[in-house]
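[1] with the sequence up front, the predicted model follows.
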Amino acid sequence: MEKSEFLDETTDGQKCCIGSTSSRSECYTPKRYVVIALLFLGMVICNAQRVNIGVTVIEFLEKAPRTNGEECTSNICKLNWSHQKVGFLHAIFYIGLFISQIPFGYLVTTFASHRLFGGCVLFTCLANLLIPLSISTPVLSYGFTCFIRLLQGLIEGVLYPSCYDVLRIWSLPEEKSRMGATVLTGSYIGPTIGMVVSGLLTDYCGWAYVFYAHGLAGVIWFCFWAFLAYERPCLHPTISIDERKLIEARQGEVALIYEHGKVPWGSIFTSLPVYALIICNFARSFVFYMLLTNQPMYFYVLRFTIAETGVYSSLPYAVMALFCIFSGMLADFMMSKPWLSHTFVRKMFTSVGYGAEAAFFFALALIEDQYMAVVFLTLGVGLSGIAIAGWQINHLDLAPRYAGILVAITMTFGTLAGVFNPLIVAAMTHDKSLTGWHNVFWLTGCIIAGAAIFYLVFGSGDRQSWAVPKPPPQQVISKGDPLASKPYGTFPAQLRSPSMTLETKDKLADVDTTSALGDDPSKTHTTEFNGNASEYADTTRRRSEVNKMEET
């Protein structure tokens, strides 16, 4: 029976979705799509709640009392917070991100990435539920709110490293761009939903419900993630044999896990393509965090209401999400052509996306009309979604095995933009005038243009030489029965081999160990071995047959 990439034909002639076993005739939903869908929703929730403070703070400042007193209820909140305090409240979140991302990136190589991702979403949403209590309690108020934001930043340091590692494990190489773009689109759709929901809830229900809604959404999501997501295809209890074999075969050696593997830190920090990603991430983060935390304030300066601000602030992310998905599919199609290199495709998408964004920000610095400003900002940020299929997926090209660490490093430097951007914007726009915002847009356009040029010169789409681990030849020690100990303990090069299935165990059980080990089965034989379990079984069986022939 011949297997297609999308459809399988069963023995009775019926068609089923890819991944179904030959004994089934019902439609089967590939488990990798389920994991990717949940991964996308997790990114949406985490990034949606990041704008909660940015939207609700307008309510705080607009209704701030003229005296030194503070008053706060679930519907009305009057806080005597200055713009500098609000800027620090935004910045401290990214300080937490800056501190935790590289340590968490290393932990992704040690612990199950799906558990780290799920725990990240759950605990940051639980912390979000505490913010209304903190703000409305006079004794706590600003200080404890800053502590919660710092804690959320520390927790979300594992968000992107674990996300990329789950992507590496559950996506096929030929689906890498579109699956990666789909998941990362969640980081832009999230603010879209967050802006709209936060604006409407603040306007019609009360500011506290903004935090409750996003926090409960994360808790509900975690219930599904805990039961439907697994670390690897070989550990999924309901995945079909065909889909598991498809993923393992297409991924090749990338699917293997090496015990006591060393991270090539020196090679990573001396690689120019990695620095190209760092520069691009910094530029992206400068724009992203500026809009995430200060875009509502910009629209407030343009004289939009809070409800209008929530809707108009979501438009750039909505357009960006469309370009993200489109660019991911187009990049996969282009890279399937033999005459187009991965490097060319990644550079093309990055330069087009960043070039268009820089041009629109330069134009935005010259516009004063409120509706034209919305159009230019929407087009500029929206077209930057094309770059997602360029530099942002490029982590998986350079080093698939260390993609989590790479994104932790690049995001750490990008987070510096999140730390300084709110402070810079607050200093440049302290007078609440359009002139200050025009200066911000000039600076933003220059940063984006510089990143595009740097990536065009030093970027690469090829796997780096340091990205392929070179373990020494491993020794397999057999004493009598090869199943006397757990199979995974027999092969120190692999912590959990994707090839170690029940079928492999059956093959190992059939081996004539007495013939394979000679006349004295109690002797210990050491053999150089670099393959997987099934290759070892075949080698042992052939040795047994040779010994039998010699005896005959």
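    Cool, the structure landed.
[2] so Arg284 touches Met411, yeah?
    No - counting by CB atoms under 8 Å, Arg284 stays clear of Met411, with 9.9 Å between them. All C-beta atoms are positioned from the backbone trio N, CA, C, and that covers glycine.
[3] residues in contact with Gly328?
    Contact analysis of Gly328 by CB atoms under 8 Å, 6 or more residues apart in numbering lists Ser177, Arg178, Met179, Gly180, Ala181, Thr182, Ile388, Ala389, Ile393.
[4] need those residues in a markdown table with distance to Trp466 and pLDDT, can you?
    Shown next, in a markdown table, are the contacts of Gly328 (distance: CB to CB, whole Å; pLDDT from 0 to 100):
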| residue | distance to Trp466 | pLDDT |
| --- | --- | --- |
| Ser177 | 23 | 85 |
| Arg178 | 27 | 87 |
| Met179 | 25 | 89 |
| Gly180 | 22 | 88 |
| Ala181 | 26 | 87 |
| Thr182 | 29 | 88 |
| Ile388 | 25 | 88 |
| Ala389 | 24 | 88 |
| Ile393 | 19 | 89 |
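[5] which among the residues you listed end up buried?
    Ser177, Arg178, Met179, Gly180, Ala181, Thr182, Ile388, Ala389, Ile393 (16 or more other CB atoms under 10 Å).
[6] of those residues, which is the nearest to Phe269?
    Minimum distance to Phe269 across these is 21.4 Å, recorded for Ile393 (CB to CB).
[7] residue contacts, that closest one?
    Lys176, Ser177, Gly180, Ala181, Leu184, Gly328, Ala331, Arg346.
[8] rewinding a little: as TSV, the contacts of Gly328 with distance to Val375 would be great.
    Output for those, formatted as TSV (distance: CB to CB, whole Å):
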residue	distance to Val375
Ser177	29
Arg178	28
Met179	31
Gly180	29
Ala181	25
Thr182	27
Ile388	22
Ala389	24
Ile393	29
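[9] tell me which of Arg284 and Met411 has more neighbours.
    More crowded of Arg284 and Met411, by other CB atoms under 10 Å: Met411, with 28 against 25.
[10] just checking, what packs against the helix or strand containing the more buried one?
    Assigned by DSSP states H and E, Met411 belongs to helix 403-428. For helix 403-428, the elements it packs on are helix 83-108, helix 159-170, helix 265-269, helix 272-301, helix 394-398, helix 434-458, judged by 3 or more CB pairs under 8 Å, 6 or more residues apart in numbering; DSSP states H and E.
[11] and it, what's buried?
    For helix 403-428, by 16+ other CB under 10 Å, it's 403-419, 421-422, 424-426, 428.
[12] next: stretch 147-155.
    Ile148, Arg149, Leu150, Leu151, Gln152, Gly153, Leu154, Ile155.
[13] ok now stretch 210-229, how far from the chain's centre?
    17 Å (CA atoms, centre = their mean, to the nearest Å).
[14] now do the strands in the chain.
    Taking DSSP state E to define them, one finds strands in the chain at 7-9, 15-17, 71-72, 77-78, 474-478, 525-529.
[15] how many neighbours does Leu272 have?
    Leu272, neighbours per other CB under 10 Å, totals 11.
[16] show me the contacts for it.
    Counting by CB under 8 Å, 6+ apart, Leu272 has contacts Phe458, Ser460.
[17] what do you get for the one 3 residues further on?
    Taking CB under 8 Å, 6+ apart as the contact definition, Tyr275 lies against Phe454, Phe458.
[18] okay, it: pLDDT?
    Per-residue pLDDT puts Tyr275 at 95.
[19] number of nearby residues for Lys432?
    As a burial measure, Lys432 scores 11 neighbours (other CB under 10 Å).
[20] how about it, phi and psi?
    phi 60, psi 40 (degrees, to the nearest 10).
[21] look up how far Thr444 lies from Lys432.
    19 Å (CB to CB, to the nearest Å).
[22] about what we covered before: so which of the contacts of Gly328 are in helices?
    Judged by DSSP state H, helices contain the following of these: Ser177, Arg178, Met179, Gly180, Ala181, Thr182.
[23] hmm, Ser327 and the second one touching each other?
    Spelled out, it's Arg178. No - when contacts are counted by CB under 8 Å, Arg178 is not listed as touching Ser327 (9.0 Å).
[24] where in the protein is pLDDT low?
    Within the chain, the stretches falling below the threshold (pLDDT under 70) are 1-26, 59-80, 138-140, 252-261, 306, 310, 469-552.
[25] and Gly418, what does it touch?
    Ala91, Phe93, Tyr94, Leu97, Phe98, Ser285, Tyr289.
[26] who's in contact with the fourth one?
    When contacts are counted by CB under 8 Å, 6+ apart, Leu97 touches Gly153, Leu154, Glu156, Gly157, Met411, Thr412, Thr415, Gly418.
[27] please name the nearest non-neighbouring residue to Phe454.
    Nearest residue to Phe454, sequence neighbours excluded (CB to CB, 6 or more residues apart in numbering): Ile279, at 4.7 Å.
[28] pretty sure that neighbour sits against Tyr455.
    Yes - contact criterion CB under 8 Å: Ile279 and Tyr455 qualify, at 6.9 Å.
[29] between those two, who's got more neighbours?
    Taking Ile279 and Tyr455 together and counting by other CB under 10 Å, Tyr455 has the greater number of neighbours (26 against 22).
[30] the more buried one: what's it in contact with?
    So Tyr455 contacts Ala276, Leu277, Ile279, Cys280, Lys347, Thr350, Ser351, Tyr354, Gly390, Trp391 (CB under 8 Å, 6+ apart).
[31] can you check Met179 too?
    Ile36, Leu167, Ser171, Gly328.
[32] cool, Pro296 as well?
    Residues counted as contacts of Pro296 (CB under 8 Å, 6+ apart) are Val51, Gly54, Val55, Val57, Ile58, Met195, Gly199, Thr309, Gly310, Ser313.
[33] which of these lies closest to Cys120?
    Val51 (17.8 Å).
[34] count of neighbours near that closest one?
    30.
[35] excluding its backbone neighbours, what's nearest it?
    Take Val51 and drop its neighbours on the chain: the residue closest to it by CB to CB, 6+ apart is Gly194, 4.1 Å away.
[36] could you measure from the one you found over to Val55?
    8 Å.
[37] swap in Arg115?
    Counting by CB to CB - Arg115 and Val55 are separated by 31 Å.
[38] which of those two has more residues huddled nearby?
    In this view Arg115 and Val55 are compared by other CB under 10 Å, and Val55 has more residues nearby, 27 against 15.
[39] can I assume the more buried one is in contact with Val197?
    No - under the criterion of CB under 8 Å, Val55 makes no contact with Val197, lying 9.0 Å away.
[40] residue contacts, Tyr354?
    Tyr354 neighbours (CB under 8 Å, 6+ apart): Cys280, Ala283, Ser384, Ala387, Ile448, Ala449, Ala451, Ala452, Tyr455.
[41] write the ChimeraX selection for whichever of those are buried.
    A single ChimeraX command is used to select the members of these judged buried by 16+ other CB under 10 Å:
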select :280,283,384,387,448,449,451,452,455
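[42] ok, so of the contacts of Tyr354, who is nearest Arg303?
    Using CB to CB, those come closest to Arg303 at Ser384, 26.3 Å.
[43] need the contact list for that closest one.
    So Ser384 contacts Arg284, Val287, Met320, Phe323, Gly353, Tyr354, Ala356, Glu357, Ile448 (CB under 8 Å, 6+ apart).
[44] identify the farthest-apart pair in the residues you listed.
    Of all pairs drawn from these, the widest gap by CB to CB lies between Phe323 and Ile448 and measures 15.4 Å.
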